[in-house]
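Asks: build me a structure from this.
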Amino acid sequence: MHTEFLRTGRIDRTPDNWSPSEKRYLTYTEVAERTGRKLERAGSVTHDRINGFHRSIQFPKLIFHRTLAETPHLGYCHITVANSSFADFQNVQWAFYMANFFAEIGEEEQFFAGISKKQGRMYFAVAITPTDHEGRLAIDRKVRGNGVIFRTDDPKLAMKNVLMLGARNEALRKIIQAL
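Replies: As a prediction, this is how the structure comes out:
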């Protein structure tokens, strides 16, 4: 007895009741849900890689996502939050994010401006401060003028920057800097 695979070299996976002439369009909500699942998976993997670097640098896992209103296939994922001291700033609370697009960051009216049409990812950290609303955070624009600590499309550079922010002593910073 021969199967379909042996005769044609492929397996037909289309259901019997589906017609190729009928297209299935996804709603904005369905696209946003799929995008959110992918972003959270990628955020979880990124968090595991950051925490796997050295046991003295550990970050809390605070993963959630947001998709952009008019373009539900684009979004960003919050990965972690921590406190650091760097440059002239003492005890700055910051949050690390990744996005499935590349854009300019920083304006109050529109946080993401000039979203690139090309495929890509963006990793960024912003300084945050608590707001009057319970559980809400705002960008601390006193840090570097727009609150952006770093922004890159290179995952290795992003990991290095996060590890530098999380390093508690100068010896560990020198090791990370040498990478």
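Asks: can you give me the helices in the protein?
Replies: With helices called from DSSP state H, the chain shows them at 4-8, 28-51, 155-166, 170-178.
Asks: closest to residue 120 out of those?
Replies: helix 155-166 (11.2 Å; C-beta to C-beta). Just so you know, the C-beta spots here come from the backbone N, C-alpha and C atoms, and that holds for glycine as well.
Asks: who are the packing partners of that closest one?
Replies: helix 28-51, strand 75-86, strand 89-99, strand 122-130, strand 148-152, helix 170-178 (3 or more C-beta pairs under 8 Å, 6 or more residues apart in numbering; DSSP states H and E).
Asks: what distance separates that helix from the middle of the whole chain?
Replies: 13 Å (C-alpha atoms, centre = their mean, to the nearest Å).
Asks: rebuild the helices and strands packed on helix 155-166 as a markdown table, extending it with mean pLDDT, distance to residue 160 and mean neighbour count.
Replies: Below are these laid out as a markdown table (pLDDT from 0 to 100; distance: least, C-beta to C-beta, whole Å; neighbours: other C-beta atoms under 10 Å):
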| stretch | mean pLDDT | distance to residue 160 | mean neighbour count |
| --- | --- | --- | --- |
| helix 28-51 | 91 | 10 | 16 |
| strand 75-86 | 86 | 14 | 18 |
| strand 89-99 | 86 | 12 | 19 |
| strand 122-130 | 87 | 11 | 20 |
| strand 148-152 | 88 | 9 | 19 |
| helix 170-178 | 78 | 6 | 12 |
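Asks: tabulate these (a markdown table), appending distance to residue 159.
Replies: As requested, these are exported to a markdown table (distance: least, C-beta to C-beta, whole Å):
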| stretch | distance to residue 159 |
| --- | --- |
| helix 28-51 | 6 |
| strand 75-86 | 11 |
| strand 89-99 | 10 |
| strand 122-130 | 8 |
| strand 148-152 | 10 |
| helix 170-178 | 9 |
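Asks: can you redo the helices of the chain as a markdown table with distance to residue 114?
Replies: Formatted as a markdown table, these follow (distance: least, C-beta to C-beta, whole Å):
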| stretch | distance to residue 114 |
| --- | --- |
| helix 4-8 | 48 |
| helix 28-51 | 20 |
| helix 155-166 | 20 |
| helix 170-178 | 31 |
